[in-house]
Each structure stands twice: as structure tokens, then as C-alpha cells.
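Visitor: Provided below for reference: sequence and predicted model.
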Amino acid sequence: MQTLKVGLAERSYPIYVGSGMLHTCELLLPYLLDNRAVIISNTTVAPLYLDQLKTNLEANGVRCDSIILQDGEKYKNSDSMDAIYDSLLRSHSERNTPLIALGGGVIGDMVGFAAATYLRGVPFIQIPTTLLAQVDSSVGGKTGINHPLGKNMIGAFYQPLMVLADTQTLDTLPDRELRAGISEVIKYGLIRDLPFLEWLEQNLEKLLARDKEAHQYAIARSCQNKAEVVGNDERESGERALLNLGHTFGHAIENGMGYGVWLHGEAVAAGTMMAADLSHRMGWLTGADVARVRDIFKRANLPVSGPSMPVEKYQELMGLDKKVSAGKVRFVLLEALGRAVMTGDVPESTLKETLEACCD
Ligand code: NAD
Ligand code: GLY
């Protein structure tokens, strides 16, 4: 097992990455001071892992309530939040009762937001069970839900007490979801860790074949990168925005196609290709760099172009991005492989060229 740390002064917390940690719950016990917890999961993950977690905690004297939500990005909304609040109120969940998120990024984001808002804030713990959640969404405290007008538009920054990433849970993850997680792993290499990109180029097939050591390495290195960025810029006033490489395009794809049709990681892969193309048109990436980015996404069997939508639709949806400032869309682009930059100075004609070139 490896332990990493997100350094945020009194709100610092550990990330544990290892295999088989759900078999014992000893790492969780120090955080359950009132011997009570509410585990929130969904209809897919609960049958796989809830009993194991609950039984272990209860054997240690912890009273566990559970809330099971519908599975899917399309349920990441205010109705699901109401279902959580109703259940917490009915079971008299108290200020010191931690909420435990057991699931992928959808569950983690919603439970974090419920924890930030229920009784004006209760403790919460992340137990991410998808690759995407283990390398990205469970770390850093971005929580929230979608709104019909935009993705992740309602939410809060709210850090967990700890993150427990048990790589064994990935054994049951469908291949398509595994690949979607790899998209966010590649992101760290592209924005700030060129040696990691090179490692990924050499070890991609191992990740796809679920090699345990490769998973452990990729998850820990991704979390290390994320922890450094979050430690420097928790509230995204600068560097943290670079973690959104490909997301301005990607969120437009997710929203435009209907939440859940394209997986988040798939939309980010296509969006990153668009960002790479735009970076080339801005004179930063070489053609060979763009080909290298395309190659690694293709090898991971991820989309390298966006779905067919009118250019105006893309532009309208990108206008909803959280990075929009003074009405101007700002893009995370690549000055070079391993070096991301944020810019609001993209000529409209250049953006149109990218959208026309990179969509089916
Ligand atoms: P997800 O939570 O929908 O999980 C994907 C699917 O896998 C679901 O059907 C889920 O039930 C299932 N699943 C989860 N664990 C499983 C397991 N071990 N075995 C079998 N099936 C399992 O999707 P995701 O890709 O984990 O997360 C995507 C979400 O994360 C998006 O809503 C995105 O906006 C959000 N996100 C948030 C951040 C952040 O910083 N907060 C970062 C990136 C993405
Ligand atoms: N996934 C982007 C962030 O956490 O900032």
C-alpha cells in the first residue's frame, strides 16, 4: 500500500492506494469517532462491495446506515440530492456522522456535495471504485451535481477526511469504464509530467490488461500529480484549471449528447484531441506532437474526434464552461507535451477550424 498526502494545512488528508483494503476497515476506524457512518452507493456498486464494507465496520462496533441511489450520470442531479437529504434526516444522521462515498465519480461528487451542505457540513470519506475516481475525482474536493443547462454547475469545494483507493475493486469494472479512466491518467502526462507520459506509452497495454502493478503505479502517480496541484491551488485560481485539459470541449460533448451517452473520460479524450489540434494551430504543438497524442488515445481505444454537432452548438455549449471569464471562453492548451497553459486569446476563426477538423 502507498500513502500520499494532499497538503492543505489543517484540512490535509491521506490517500491510501493499495489492493484488498476493503477486506479490513482498519484505516477507516480512526475517522468514525461516534461509531456511526452512512455509506452512500448505487445500484451497481452496492451489490458488489457494500456488504463487505458494512460487515467489517459493524464487526468493529460501527452502526452503518446505507443509501442506494440510481446508477448513472443522468442521476447526478438535484432529485438524487433530495433523496440523500431525505434519508439522512429520516435516520437522524448527526453532525459528526461521516458520509462514506462508495462508488465512481458520480457518487463521489454527489456525496461530497451532500456532506458540504447537510447540517452545513458533515465529515466525508471517499472510497472510489472506478479508475477515473481513483486517479482524479475522489481527490481535491470538487463536489457537485449537473444542471440541465450545464455540467457540474452546482457544487462546492469540500475536502474529504481521507481517500481509500482499493485497486481490487477495479477487477469488476467494465472495460469501457477502465478505458475512460485511462483518459484522465493520460491527462497528467500531457499537462505536467512528460516522463509519466513516456511511461504510459510504454505500459499502456499493461494498464488495459489490468496488470496490478501497473495500476498501482499509474494511480499513485496520478494522485501524486493531483495532490501537488490541489495543494498549490485548492480553489482553482490558477494552476488547478490546467487539470481541465480537454474538458471545455468534453463537457460540451457530454451535455450536447445527453448526460451518460458519452462517458466523461471518453468526452475528455475527444476534447483533449481538439485541444491538441488547437494548440497546433496556435503554433505550439508540432504535427508530430499531435500525432503522438492521437496515438496514445487510439491505443487505449478512446475516441479521437468529437461527435457530429453543428459548430454553433459546440460554441454555445462551451460558453457555459466554468472557466468563462468576462464572457470569454478560456482554453487549457498545450505549449508543449508535458506543459499546459491557460489562454483566452484564441481567435474565433482558429477555434472554428479545430471544431470543423475534429468532429465527425
Ligand atoms: P461513474 O461514477 O458513473 O461510474 C461508472 C460506472 O461504473 C457506473 O455505472 C458505476 O456504477 C460503475 N462502477 C463503479 N465502480 C465499479 C466497480 N468497481 N465495478 C463495476 N462497476 C462499477 O463514472 P466515473 O467515470 O467514475 O466518474 C465520472 C464522474 O466524475 C462525472 O460525473 C465527472 O463529472 C466526475 N468527475 C469529477 C471530478 C472531480 O474532481 N470531482 C473529476 C473528474 C470527473
Ligand atoms: N478534475 C479537475 C479538478 O479536480 O480540478
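Guide: Cool, the structure landed. Ligands and ions are numbered 1, 2, ... in the order given.
Visitor: hmm, R299 is touching K206, no?
Guide: No: applying Cβ atoms under 8 Å as the test, R299 and K206 come out as separate, 11.9 Å apart. Yep, even glycine has a C-beta here, placed from its N, CA and C like the rest.
Visitor: can you pull the contacts of the closest residue to S78 other than its chain neighbours?
Guide: In space, and not counting its chain neighbours, S78 is closest to I145: 6.2 Å by Cβ to Cβ, 6 or more residues apart in numbering. I145 makes contacts with K76, N77, S78, S80, M81, D109, M110, F113, N152, I154, G155, as judged by Cβ atoms under 8 Å, 6 or more residues apart in numbering.
Visitor: in helices, which of these fall?
Guide: Counting by DSSP state H, the part of these found in helices is S78, S80, M81, D109, M110, F113.
Visitor: in PyMOL, how would I select the buried members of these?
Guide: Typed into PyMOL, the line below selects the buried ones among the ones in helices among the contacts of I145, using 16 or more other Cβ atoms under 10 Å:
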select buried, resi 80+81+109+110+113
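Visitor: ok, the residue nearest to S78 to R63 distance?
Guide: From I145 over to R63 the distance is 28 Å, taken as Cβ to Cβ, to the nearest Å.
Visitor: repeat for L200
Guide: 43 Å.
Visitor: would you map the strands across the stretch 251-360 of the chain?
Guide: Under the criterion DSSP state E, counting those that start in this stretch, the stretch 251-360 of the chain contains strands at 331-336, 339-343.
Visitor: mind listing the strands the longest one pairs with, and their directions?
Guide: Paired strands of strand 331-336, with direction, are strand 339-343 (antiparallel) (DSSP bridges).
Visitor: starting at the chain centroid, how far to the strand it pairs with?
Guide: Relative to its chain's centre, strand 339-343 lies at 20 Å (Cα atoms, centre = their mean, to the nearest Å).
Visitor: what's the mean pLDDT across it?
Guide: Across strand 339-343, pLDDT averages out at 96.
Visitor: shaky segments in the stretch 1-150 of the chain?
Guide: Residues of the stretch 1-150 of the chain meeting the criterion pLDDT under 70: none.
Visitor: of all the ones in helices among the contacts of I145, which two lie farthest apart?
Guide: Greatest spatial distance among those (Cβ to Cβ): S78 and D109, at 13.1 Å.
Visitor: quick one on the thing from earlier: out of the strands of the stretch 251-360 of the chain, which one sits most buried?
Guide: Most buried of those, by mean neighbour count (mean count of other Cβ atoms under 10 Å): strand 331-336, with a mean of 21.
Visitor: check the offset of it from the chain's centre.
Guide: That offset, for strand 331-336, works out to 20 Å (Cα atoms, centre = their mean).
Visitor: same question for stretch 111-123.
Guide: Centroid separation between stretch 111-123 and its chain, computed with Cα atoms, centre = their mean, is 19 Å.
Visitor: check what contacts it and list those residues.
Guide: Residues outside stretch 111-123 that contact it (Cβ under 8 Å, 6+ apart): 31, 40, 81, 84-85, 88, 93-101, 124, 126, 141-145, 154-156, 158, 160-161.
Visitor: more neighbours: L200 and R63, which one.
Guide: Neighbour tally, L200 and R63, criterion other Cβ atoms under 10 Å: the higher count belongs to L200, 24 against 14.
Visitor: how near is the more buried one to H215?
Guide: Note on L200: its distance to H215, by Cβ to Cβ, is 12 Å.
Visitor: list the residues that contact both of these two?
Guide: Contacts common to L200 and H215, judged by Cβ under 8 Å, 6+ apart, are L207.
Visitor: what segments of this structure are helices?
Guide: Applying DSSP H to the chain gives helices spanning 51-59, 78-90, 105-117, 131-132, 175-192, 194-208, 212-232, 247-257, 264-281, 287-299, 311-318, 348-358.
Visitor: most tightly packed of those?
Guide: It is helix 131-132: most buried of those by mean count of other Cβ under 10 Å, with a mean of 28.
Visitor: that one: how far from the chain's middle?
Guide: Per Cα atoms, centre = their mean, the centroid offset for helix 131-132 relative to its chain is 7 Å.
Visitor: that one near ligand 1 at all?
Guide: Yes: using Cβ under 6 Å from any ligand atom, helix 131-132 reaches ligand 1 at L132.
Visitor: which residues touch that helix?
Guide: The contact list for helix 131-132 (Cβ under 8 Å, 6+ apart) reads 104-105, 170, 173, 177-178, 180-185, 215, 219, 264-265.
Visitor: quick one: is that helix near ligand 2?
Guide: No: between helix 131-132 and ligand 2, judged by Cβ under 6 Å from any ligand atom, nothing touches; the nearest distance is 9.6 Å.
Visitor: so which residue of the stretch 251-360 of the chain comes closest to ligand 1?
Guide: Proximity of the stretch 251-360 of the chain to ligand 1 (Cβ to the nearest ligand atom) peaks at H264, 4.2 Å away.
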